[in-house]
Every structure is written in C-alpha cells, then in structure tokens.
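>>> Got a sequence here, can you build the structure:
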Amino acid sequence: MGKKPLRQRKTTLKWNSDGELSAIDKARILEKLTNKELTECELSCNPFNSISKD
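Residues are numbered from 1 along each chain as shown. Here you go, the predicted structure:
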C-alpha cells in the first residue's frame with residue numbers, strides 16, 4: 001500500500017492594504033523569534049583556529 005504524502009504547512013504571509021504584515025503573521029514570526037532553539041546555534045569549529053600565525 002502507498003504511503004500518504006506528508007501535508008505541508010502553508011507558508012504564505014498576508015499583507016494589509018497599508019503594507020503592514022497581518023497581525024496573525026506578525027505574531028507567529030515574533031513567537032518563532034523568541035524560541036531559543038530557532039535563533040541560536042552552536043558552531044562546530046572556530047574560524048580563527050585556521051589563521052596561520054606568522
């Protein structure tokens with residue numbers, strides 16, 4: 001039997017006639033920006049380690 005395709009969430013932003021992002025989309029974006037897991041990452045290497053010291 002075939003698997004059901006995964007449902008993809010809508011990602012279209014809505015804009016008001018005055019050019020502002022809709023209140024619901026603005027709230028969703030601000031909610032995502034407060035999620036530490038989505039706004040921070042740990043670097044696996046230090047770019048300064050590759051600089052040669054002459």
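
>>> Can you list the low-confidence ranges for the chain?
Scanning the chain for pLDDT under 70 picks out 1-2, 8, 10, 46-54.

>>> longest helix anywhere in it?
Secondary structure of the chain per DSSP state H: the longest helix is helix 23-33.

>>> Touching it from outside, list them.
L13, K14, E20, L21, L38, T39 (C-beta atoms under 8 Å, 6 or more residues apart in numbering). Yep, even glycine has a C-beta here, placed from its N, CA and C like the rest.

>>> okay if I get the residues you listed as TSV plus secondary structure, neighbour count and distance to R28?
As requested, the contacts of helix 23-33 are exported to TSV (DSSP: H, G, I helix; E, B strand; the rest coil; neighbours: other C-beta atoms under 10 Å; distance: C-beta to C-beta, whole Å):
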residue	secondary structure	neighbour count	distance to R28
L13	coil	12	9
K14	coil	10	11
E20	coil	10	14
L21	strand	14	10
L38	helix	10	12
T39	helix	9	15
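
>>> Just give me the closest of those residues to P5.
L13 (24.0 Å; C-beta to C-beta).

>>> Find the nearest non-adjacent residue to that closest one, please.
Closest residue to L13 apart from its sequence neighbours, by C-beta to C-beta, 6 or more residues apart in numbering: D25 at 4.9 Å.

>>> Please report how far that neighbour lies from K36.
21 Å (C-beta to C-beta, to the nearest Å).

>>> Please say which of these two ends up with more neighbours.
Neighbours were counted for D25 and for K36 using other C-beta atoms under 10 Å; D25 has more, 15 against 6.
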